[in-house]
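Chemist: Would you be able to build a 3D model of this:
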Amino acid sequence: MKRTKVVDLLKDPALIGTEVEAKGWVRTRRGNKHVQFVQLNDGSTIKNIQIVFDMAKFSDEELKPVTTGSSLCVKGILVESQGKGQTCEVQAESLLVYGTADVEAYPLQKKGHTLEFLREIAHLRPRTNTFGAVLRVRSTLAFAIHKFFNERGFQYLHTPLITASDCEGAGAMFQVTTLDLNNLPKDEAGKTDYSQDFFGKPTALTVSGQLEGELGATALGQIYTFGPTFRAENSNTPRHLSEFWMIEPEMAFYDITDNMDLAEEFVKYCINYALDHSLDDIMFLQEMYDKDLVDRLKFVVENDFVRLSYGEGVKILEESGKKFEFPVHWGTDLQSEHERYLVEEHFKKPVILTDYPKEIKAFYMKQNEDGKTVRAMDVLFPHIGEIIGGSEREENYDKLLARIEELGIPMKDMWWYLDTRRFGTVPHSGFGLGFERLVLFVTGMTNIRDVIPFPRTPGKAEF
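Modeler: Just a heads-up that it's a prediction; the model follows:
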């Protein structure tokens, strides 16, 4: 007999009255000397299947190892349930215990656990209802991302994780080396001699695949990347990770308006896909953590995004009369509180801000004619602030070169990037979406460490 997943046992009426085989982990067990009820879950759904053990067929000794956390194989007849809370249940005929879980030692007994405690046992927390739901939603969103771009003719480009360039210019990168750190080779100036390193030069884990993505877009037309990125920032906040995943589409022949259109279509598609395919998990998370979750998701997909310039946004903030923790004026980098005010209180719609001061944006963004601003765009969401950052890229060789020199970016790292402006340059645009920010929004969780299986943060690299 072949195992049937719990998700299928619960939704396939054709299975009622047939013999089935269920496998999974015990959530709870209760009952009396006549009948025992076990809630079994196999990770395929937030819901459990109830296993009914008639104690006329099973001994106490056989059921003794059936405790919370133990793993079972049960064969029996799937019948309609007489009790509340489930549509069907399995009347057990045979039992095989794969693995026991000591009641005293197993940390996930039937009681409430704080999210902080569960982060300390990240190797076990996927077995909880909360993290099972979060990880299934994460998987659904990952599939939606590939589906969205595939349906629109984008090519999936794998950009390198090890790089010699700092895309964002922030310098917060994890160094990659095979040199003996206790006996570093030195050059004549007394500095580390990286010519003896594995790659013959300093290298690091990537902070973004964008620059290489632009190379792909100027050959394949439309590409997207979706992979891990790394930031060595010492930020212990609910919004920052040292290792996270990024989605970065790059499109040849797209201007800033095309870019905004794609970004809005993209996030709406992903959220709608999650609502269509992970609603049970989302409803559970709403019930447990965020009573307004579904309304907030619908708020995004049912509204056209407001589009306005950074300058207009700053003026609204200055004239709002609201006391912000961080003062705001033209030239400041907006904080989450400013972004959320525009979305949640002023417009009551998602917002796309454009035309930021060039001093607070990256070197590669297209410069406007005013000489002060660039064609950047940030998509702002309720509850979270900025969720997407992007721009039309500077395709003019002379302007890009001048900006690189102005910022003192080493030319030895940029010659290959500038070649795309020397050989057949075209207008092109792109954006980046931190995947965990999207998962955070769709699940209603409040800490980004709770939407990735094994968070990497300063001082934390367990599991």
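Chemist: Quick check: bridge partners of the nearest residue to Lys2 once chain neighbours are set aside?
Modeler: Spatial nearest neighbour of Lys2, chain neighbours left out: Glu21 (6.8 Å); criterion: C-beta to C-beta, 6 or more residues apart in numbering. To be clear about C-beta, it is placed using only N, CA and C from the backbone, and glycine gets the same treatment. Counting by DSSP bridges, Glu21 is bridged to Lys75.
Chemist: can you pull the contacts of Glu21?
Modeler: Contacts for Glu21 were tallied using C-beta atoms under 8 Å, 6 or more residues apart in numbering; they are Met1, Lys2, Arg3, Thr4, Cys73, Val74, Lys75.
Chemist: Where does pLDDT dip in the chain?
Modeler: 166-171 (pLDDT under 70).
Chemist: For it, which segments are assigned as helices?
Modeler: Secondary structure of the chain (DSSP state H): helices at 6-11, 60-63, 115-120, 129-151, 210-220, 256-277, 279-288, 293-302, 310-318, 336-340, 397-407, 415-422, 435-443.
Chemist: Against Asp378, how distant is the spatially closest residue to Gly313 that is not a sequence neighbour?
Modeler: When the adjacent residues along the chain are set aside, Gly313 lies closest to Leu353, with 5.2 Å between them (C-beta to C-beta, 6+ apart). Going from Leu353 to Asp378 by C-beta to C-beta, to the nearest Å gives 5 Å.
Chemist: who touches both of those two?
Modeler: Leu334.
Chemist: Tell me the spacing between Gly430 and Gln210.
Modeler: Separation of Gly430 from Gln210 (C-beta to C-beta): 6 Å.
Chemist: Check Lys399 too.
Modeler: Lys399 sits 18 Å away from Gln210, going by C-beta to C-beta.
Chemist: the more surrounded of these two?
Modeler: For the pair Lys399 and Gln210, the greater number of neighbours falls to Gln210 (26 against 13), based on other C-beta atoms under 10 Å.
Chemist: ok, the more buried one - contacts?
Modeler: Cys167, Thr225, Glu248, Glu250, Tyr364, Gly430, Gly432.
Chemist: If we use 10 Å, what do you get?
Modeler: 159, 167-168, 217, 225, 229, 246, 248-250, 362, 364, 390-391, 393, 430-432 (C-beta atoms under 10 Å, 6 or more residues apart in numbering).
Chemist: again with Pro202
Modeler: Counted by C-beta under 10 Å, 6+ apart, Pro202 has contacts Ala164, Met173, Gln175, Val176, Thr177, Thr192, Tyr194, Asp413.
Chemist: In space, what's closest to His339 - neighbours in sequence excluded?
Modeler: One thing to correct before we go on: residue 339 is Glu, not His. Once flanking residues are discounted, Glu339 sits nearest to Gly385: 3.8 Å by C-beta to C-beta, 6+ apart.
Chemist: OK, contacts around that neighbour?
Modeler: By C-beta under 10 Å, 6+ apart, the residues touching Gly385 are 239, 334-344, 378-379, 437.
Chemist: are any of those buried, and which?
Modeler: Buried members of these, scored by 16 or more other C-beta atoms under 10 Å, are 239, 334-335, 338-344, 378-379, 437.
Chemist: how about TSV for those, with distance to Gln286 added?
Modeler: Shown next, in TSV, are the buried ones among the contacts of Gly385 (distance: C-beta to C-beta, whole Å):
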residue	distance to Gln286
Arg239	21
Leu334	29
Gln335	28
His338	27
Glu339	24
Arg340	20
Tyr341	25
Leu342	25
Val343	20
Glu344	18
Asp378	27
Val379	23
Arg437	19
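Chemist: if I look at the closest residue to Arg231 other than its chain neighbours, how far off is Lys191?
Modeler: Distance criterion C-beta to C-beta, 6+ apart; nearest residue to Arg231, sequence neighbours excluded, is Ala172 at 5.2 Å. Distance, Ala172 to Lys191, by C-beta to C-beta: 21 Å.
Chemist: Of these two, which one has the most company?
Modeler: Neighbour comparison, Ala172 and Lys191: the larger count goes to Ala172, with 16 against 9 (by other C-beta under 10 Å).
Chemist: Could you report the distance from that one to Thr446?
Modeler: Ala172 sits 24 Å away from Thr446, going by C-beta to C-beta.
Chemist: what's the neighbour count on Phe324?
Modeler: Neighbours of Phe324 under the rule other C-beta under 10 Å: 13.
Chemist: Apart from its chain neighbours, what residue comes closest to it?
Modeler: The spatial neighbour of Phe324 that comes closest, neighbours along the chain excluded (C-beta to C-beta, 6+ apart), is Glu337 at 5.6 Å.
Chemist: so what's that neighbour up against?
Modeler: Leu317, Lys322, Phe324, Glu325, Phe326, Val328, Gly385.
Chemist: roughly how far apart are it and Met377?
Modeler: 20 Å.
Chemist: What of Thr128?
Modeler: Counting by C-beta to C-beta - Thr128 and Met377 are separated by 38 Å.
Chemist: okay, the two: which has more neighbours?
Modeler: Neighbours were counted for Thr128 and for Met377 using other C-beta under 10 Å; Met377 has more, 24 against 16.
Chemist: what sits against the more buried one?
Modeler: By C-beta under 10 Å, 6+ apart, the contact set of Met377 is 256-257, 259-260, 263, 307, 310, 352-356, 365, 388-392, 429, 431.
Chemist: Val197 contacts Pro185, doesn't it?
Modeler: No, residue 197 isn't Val; it's Asp. Yes - look at Asp197 against Pro185 with C-beta atoms under 10 Å: they come within range, at 8.6 Å.
Chemist: What residues sit buried inside stretch 279-299?
Modeler: Neighbour counts using 16+ other C-beta under 10 Å place Asp281, Ile282, Phe284, Leu285, Gln286, Tyr289, Asp290, Leu293, Val294, Arg296, Leu297, Phe299 of stretch 279-299 among the buried residues.
Chemist: Can you tell me which of those is closest to Gly69?
Modeler: Nearest to Gly69 among the buried residues of stretch 279-299 is Phe284, at 20.1 Å by C-beta to C-beta.
Chemist: Surely that closest one is in contact with Ile46?
Modeler: Yes - judged on C-beta under 10 Å, Phe284 makes contact with Ile46 at a distance of 5.0 Å.
Chemist: Need the residues touching each of the two.
Modeler: Contacts common to Phe284 and Ile46, judged by C-beta under 10 Å, 6+ apart, are Asn129, Thr130, Gly132, Ala133, Ser278.
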